[in-house]
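A.B. asks: predicted model follows, preceded by the sequence.
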There are 8 protein chains.
Amino acid sequence: MKWKVYLSGEIHTDWREEIVEGCGKLGLPVEFFSAVTDHAASDAAGDVLGEEERGFWRDHKSAKVNAIRTRTLIGKCDVAVIRFGEKYRQWNAAFDAGYCAALGKPYITLHGEDLVHALKEVDGAALAWATRPSQVVEVLRYVVGEWGVGSGKGRKGERLGVCSGREIGN
Amino acid sequence: MKWKVYLSGEIHTDWREEIVEGCGKLGLPVEFFSAVTDHAASDAAGDVLGEEERGFWRDHKSAKVNAIRTRTLIGKCDVAVIRFGEKYRQWNAAFDAGYCAALGKPYITLHGEDLVHALKEVDGAALAWATRPSQVVEVLRYVVGEWGVGSGKGRKGERLGVCSGREIGN
Amino acid sequence: MKWKVYLSGEIHTDWREEIVEGCGKLGLPVEFFSAVTDHAASDAAGDVLGEEERGFWRDHKSAKVNAIRTRTLIGKCDVAVIRFGEKYRQWNAAFDAGYCAALGKPYITLHGEDLVHALKEVDGAALAWATRPSQVVEVLRYVVGEWGVGSGKGRKGERLGVCSGREIGN
Amino acid sequence: MKWKVYLSGEIHTDWREEIVEGCGKLGLPVEFFSAVTDHAASDAAGDVLGEEERGFWRDHKSAKVNAIRTRTLIGKCDVAVIRFGEKYRQWNAAFDAGYCAALGKPYITLHGEDLVHALKEVDGAALAWATRPSQVVEVLRYVVGEWGVGSGKGRKGERLGVCSGREIGN
Amino acid sequence: MKWKVYLSGEIHTDWREEIVEGCGKLGLPVEFFSAVTDHAASDAAGDVLGEEERGFWRDHKSAKVNAIRTRTLIGKCDVAVIRFGEKYRQWNAAFDAGYCAALGKPYITLHGEDLVHALKEVDGAALAWATRPSQVVEVLRYVVGEWGVGSGKGRKGERLGVCSGREIGN
Amino acid sequence: MKWKVYLSGEIHTDWREEIVEGCGKLGLPVEFFSAVTDHAASDAAGDVLGEEERGFWRDHKSAKVNAIRTRTLIGKCDVAVIRFGEKYRQWNAAFDAGYCAALGKPYITLHGEDLVHALKEVDGAALAWATRPSQVVEVLRYVVGEWGVGSGKGRKGERLGVCSGREIGN
Amino acid sequence: MKWKVYLSGEIHTDWREEIVEGCGKLGLPVEFFSAVTDHAASDAAGDVLGEEERGFWRDHKSAKVNAIRTRTLIGKCDVAVIRFGEKYRQWNAAFDAGYCAALGKPYITLHGEDLVHALKEVDGAALAWATRPSQVVEVLRYVVGEWGVGSGKGRKGERLGVCSGREIGN
Amino acid sequence: MKWKVYLSGEIHTDWREEIVEGCGKLGLPVEFFSAVTDHAASDAAGDVLGEEERGFWRDHKSAKVNAIRTRTLIGKCDVAVIRFGEKYRQWNAAFDAGYCAALGKPYITLHGEDLVHALKEVDGAALAWATRPSQVVEVLRYVVGEWGVGSGKGRKGERLGVCSGREIGN
């Protein structure tokens, strides 16, 4: 089983790379999904459908085209990581958190200590709060890890048994 | 049928009163729900469960006690109004919007023109965007209104027929 | 128990009145719901939120304001009646039928013999097809009727027993 | 709270009356629902929609009209009682049992000892099996009963407390 | 709106009375539900369906009859309180907690400090942990309370407005 | 995409083989699932868990062990075929039909003309009724078939296009 | 991950080929699904189950056989494209749109400017409206595209990282 | 098809190995999942997110990190085995059982005769109760087994037919 991890939120620092590379070095069975993080491309996502004079409608069309991608990928993911940076309002990140919460989808928040009070509702529904990408990598290593079947003796690295016999279907 | 309307978001201006009073003057069959809007009480919601030294855990406990109220009331409402003011980050409002979106619960956003770009994902999943509380009142008047059954002739004020015969149950 | 009946579709003939009046004369425990059937008001439903130059966006805003009403009422109804007239394309009626089908909500179609082939998918997911409003009234009379509890002897008019003792809750 | 009980199955003996009267004598907060139990009326439920030459289509139309009633009422009930008699195949009763099972709706079967083997799948998903209507009455008396809040001392007849203060909504 | 509160768990101390009476004194709009707390009656719930020689089957039948009540009431409640006492294993209380968690139903745990480690999974999915019934009363007072609509000025005791105009339905 | 087809019902004639072989000859992308059809093994499914003196409990245990298999496989299938033979009551087949209906899972009934009236509720919720296994094969051939993308020109045998480019995940 | 795209609606022009070929040239990870688009075959889908004298029942049987295919494929798709042409009423296309809307399945409408008013409800629930197949291709290219994980620097063509280590399961 | 089996509960004896090895020897198409069974690692699961002074919060953080794993894996499994040992309270095992019950996920309990009364609610919602791991292996062998398609003649070892023709998608 590959775990599907959705990376939501801030697009101005390298946190996505840090998590992806950190998990890659550990060889974790994880694949990552995300909204389109190219800011200009995201804002222009709906332009191919025709130009708009009012900013509201241009944004509206692009937001909906982006939603085709984001709702589908959030719906398929096993766990989300939701990042809030120091700047900007990042309402879409909080929106994604609420969306996950209503679906019962586990998520991890990633933000600094100074945002704790402002994010209390978002953190309150999260299953973990990290301040650094490396912590997220460690949590994922634990969560998706292979552990031996031994009782009380389960050790990381021993695979939980898979009986690969003949199958009756697919 | 009374329509249940949940009022989410900003707590520093009188928008809730404007909507409640506006609907009241029109005699609309609407009742309103909300998170606790007393800021100090909301922050202290979990204190009765024991004091915490770290701010994170005090916030965490209060956020969860508040969630008992807010998730229940959002889950029961027919439509939500989600207000973003000029100040503060209001991530809880965006969280509520995402929560509504995932539940398929209709919501109306209420915010100024200057927030249009920052809120494009939140507006993209909304069924209406208003800039003034009086517009919300007008939308509710239309939405919950009684309209005559006439086809093409339906006029506001004529009730859509109700056949109140005997009932077989409750 | 009052049955909630949603009346969807054509707004140019008197079929809604016929059904409401027919059920009223029989004293059936039914109440009716509908989209706003005043054509001009419906088209203008979003105008209060600001004028639009492009027809698409005016329609879009009005369609969404109408959706606040229609999705809520369809979601609450027990059964829908979906009417297709001779004229116009009435895609909103077919849309409502698909919406009901996906929710597992029973619906009755009401249309002439000449539309049978064009509506085969819509009729295929319906639980009844009627050609005249009076037939819908008869179906509702049967469906919501009180029938005696006798086995093999159940007669209309005898109430299925209700034991109204003390209650432990609401 | 009134409990809603759906009575499904055999229509040739008086079991429905026995349960309804038994619960009535005890003053239980229960109301009963059922398919139309008048055999002839049930078979003719779709006739108003036009005559059919082939028996299959007459049955089909009637079965669907009946389904408007039965699916709605099963969907609303809290518990179902499903009766299998000595005669006839009563596939509709088994169908209702499967329908309840998939919805997670509790049901009680009511049938003689001799049908135990044939009904093993239906009984396997039931929460109780009774052989006499009076047993169903006793089970309902227990299930819907008012019990005092005392711990270890809870006695039937003492109401579990209700705090009826002011309400914030409906 | 009356809030429905389900009281699950330990039946050997007076915690249910304390909560019910505490809420009663405050006039809270709350009603309480519970499994049957009369231990002997609960163990004998299935006896009316016929005697069993093996203890397993007697327990099995009674557990299922009890489940008709408990699953229905947990399914209807808005919030559950789940109590773990010092003695006994109380697996049914933990079972109810897991059941609530999977349904997304908010619950409050009530237990002493010494059980914290053993109950960490159960507490981890709860929205509050209390050690005394009086704390539960305080949490409920806050959660179900009426708060004025004022923004920043919301005060307990001022009702959130209800516009009770004419209704278009029920 | 392979279609998953669940074969439910009668175990005394060769209808399963006919369908499996018929589809096999046509090379259809279909795989079949079923309850255990070895009657003796099915009745004894629970025996490994300990002997029972009463027939009811032996049946009960076996029915539940069988349910682990059948509920899982019905839940995963795309379409079910439900067969009623001339003999026996086959309540488990009708139970499976009701289970499918509540899940919105399409099913095809397979039975003779003489059972039409007795099965009217089961047929009323089906998407097709066949009298011979070869008809089921034909329906499956049509349903799972590859059809060209041409509009109005779509011909069986031309594959609906698949763009197999690089993938962003699994 | 391959995206599953369902193509619904008009069968008289080449729009399906244009989209399939357009995506094929770009090597997008997309596969397409559709109802059977051979008009004559679709109308005759139920004929193998026996001839009908009345047109209504022939259509009914065929519509249901087609529904086995269409409901399953719509249920599995990630996004639908729903095409309305200039001619015919195409109620099945609007039905599919309503079905998608109720499931929360994203869809894109494809139709000319002249149909904007008639389709306002259908467009109101869509996530995009295109007038040409090439626009749909562009939207899909954007939506399913691989974007680098860089923050602010994400470029199309750089794959979002996949850590393909050992797996603990499937 | 590989069956996914989740192994929940006691971590102090070798029951997991016995089941995994037993299924392995039989070549069953089964793969196993579990919470992390290394007691110390599980208790420390949240430590990477920062140290806590109070035991409650350390447990809380670890419980939630563990929940990311357990809820996801329980949600994906086809059947769970829930083990209660002689010692400890094992509330997490009962919690998992309740969680499975609410999701309609089949589970098998594994515990000694002496725990029958204390576990009656947990057993009441289970589909099987075993006292030894070898019985679980036998039940799984039966449940996931390949059985021939023959009617009345179905024999273990004969595969239920799979028609592996061309596919129209994935």
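C.D. replies: Thanks, I have the structure now. Numbers count the residues shown, from 1 in each chain, chains lettered A, B, ... in the order given.
A.B. asks: which strands or helices does whichever helix or strand A:V139 is part of pack on?
C.D. replies: A:V139 belongs to helix A:133-143 when assigned by DSSP states H and E. With contacts taken as 3 or more Cβ pairs under 8 Å, 6 or more residues apart in numbering or on different chains; DSSP states H and E, helix A:133-143 sits against strand A:3-9, helix A:15-26, strand A:79-83, strand A:107-110, strand A:128-130, helix H:55-76. The way it works is simple: take the backbone N, C-alpha and C, and place the C-beta from them, glycine included.
A.B. asks: and if we set it to 6 Å?
C.D. replies: Applying 3 or more Cβ pairs under 6 Å, 6 or more residues apart in numbering or on different chains; DSSP states H and E, one finds that helix A:133-143 contacts helix A:15-26, helix H:55-76.
A.B. asks: and the last one, what's buried?
C.D. replies: The neighbour-count check on helix H:55-76 (16 or more other Cβ atoms under 10 Å in any protein chain shown) flags H:56-75 as buried.
A.B. asks: tell me what angle it forms with strand H:3-9.
C.D. replies: Per axes from the mean of the first three to the mean of the last three Cα atoms, to 10 degrees, the angle that helix H:55-76 makes with strand H:3-9 is 160 degrees.
A.B. asks: now helix H:55-76, how far from the centre of its chain.
C.D. replies: A distance of 16 Å separates the centroid of the chain from that of helix H:55-76, by Cα atoms, centre = their mean, to the nearest Å.
A.B. asks: touching chain F at all, that helix?
C.D. replies: No: contact of helix H:55-76 with chain F (Cβ under 6 Å from any Cβ of the partner chain) is absent, the minimum separation being 12.5 Å.
A.B. asks: that helix and chain G in contact?
C.D. replies: No: shown here: helix H:55-76 not in contact with chain G (Cβ under 6 Å from any Cβ), separated by at least 8.4 Å.
A.B. asks: likewise for the first one?
C.D. replies: Yes: for helix A:15-26 and chain G, the contact criterion (Cβ under 6 Å from any Cβ) is met by A:16-17, A:20, A:23-24.
A.B. asks: just to revisit the earlier point, how about the CA coordinates for the helix holding A:V139, as PDB?
C.D. replies: Extracted in PDB, the C-alpha atoms of helix A:133-143 (Å, rounded to 0.1, in the frame of the first residue of the first chain):
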ATOM      1  CA  PRO A 133       8.800  19.900   7.700                       C
ATOM      2  CA  SER A 134      11.300  17.500   9.200                       C
ATOM      3  CA  GLN A 135       8.700  16.700  11.900                       C
ATOM      4  CA  VAL A 136       6.100  15.900   9.300                       C
ATOM      5  CA  VAL A 137       8.600  13.500   7.700                       C
ATOM      6  CA  GLU A 138       9.100  11.800  11.100                       C
ATOM      7  CA  VAL A 139       5.400  11.500  11.700                       C
ATOM      8  CA  LEU A 140       4.900  10.000   8.200                       C
ATOM      9  CA  ARG A 141       7.800   7.600   8.800                       C
ATOM     10  CA  TYR A 142       6.100   6.400  11.900                       C
ATOM     11  CA  VAL A 143       2.600   6.300  10.500                       C
END
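A.B. asks: just to revisit the earlier point, need the helices and strands packed on helix A:133-143 in TSV with mean pLDDT and distance to G:Y142, can you?
C.D. replies: Formatted as TSV, the helices and strands packed on helix A:133-143 follow (pLDDT from 0 to 100; distance: least, Cβ to Cβ, whole Å):
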stretch	mean pLDDT	distance to G:Y142
helix A:15-26	96	19
helix H:55-76	97	30
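A.B. asks: low-confidence bits of chain A, can you list those?
C.D. replies: A:148-170 (pLDDT under 70).
A.B. asks: for chain E, what's its nearest residue on chain A.
C.D. replies: Nearest to chain E in chain A, going by Cβ to the nearest Cβ, is A:G104, at a distance of 6.1 Å.
A.B. asks: contacts only, for A:G104.
C.D. replies: Counting by Cβ atoms under 6 Å, 6 or more residues apart in numbering or on different chains, A:G104 makes contact with nothing.
A.B. asks: for chain G, what's its nearest residue on chain A.
C.D. replies: Nearest to chain G in chain A, going by Cβ to the nearest Cβ, is A:G27, at a distance of 3.1 Å.
A.B. asks: ok now the helix or strand in which A:C100 is found, how far from the chain's centre?
C.D. replies: In this assignment (DSSP H and E), A:C100 forms part of helix A:91-103. How far helix A:91-103 lies from its chain's middle: 11 Å, per Cα atoms, centre = their mean.
A.B. asks: rebuild the helices and strands packed on helix A:133-143 as a markdown table, extending it with distance to chain E.
C.D. replies: Below are the helices and strands packed on helix A:133-143 laid out as a markdown table (distance: least, Cβ to the nearest Cβ, whole Å):
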| stretch | distance to chain E |
| --- | --- |
| helix A:15-26 | 24 |
| helix H:55-76 | 3 |
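A.B. asks: among those, which is nearest chain D?
C.D. replies: Nearest of those to chain D, taken as Cβ to the nearest Cβ: helix H:55-76 at 16.6 Å.
A.B. asks: which other residues reach that closest one?
C.D. replies: Applying Cβ under 6 Å, 6+ apart, the external contacts of helix H:55-76 come out as A:78-79, A:106, A:127-128, A:139, A:143, B:57, E:116-117, E:120-121, E:124, H:6, H:33, H:35, H:43, H:45-46, H:49, H:52.
A.B. asks: one more time with 7 Å
C.D. replies: A:78-79, A:106, A:127-128, A:139, A:142-143, B:57, E:116-117, E:120-121, E:123-125, H:4, H:6, H:33, H:35-36, H:42-46, H:49, H:52, H:80, H:96, H:99-100, H:105 (Cβ atoms under 7 Å, 6 or more residues apart in numbering or on different chains).
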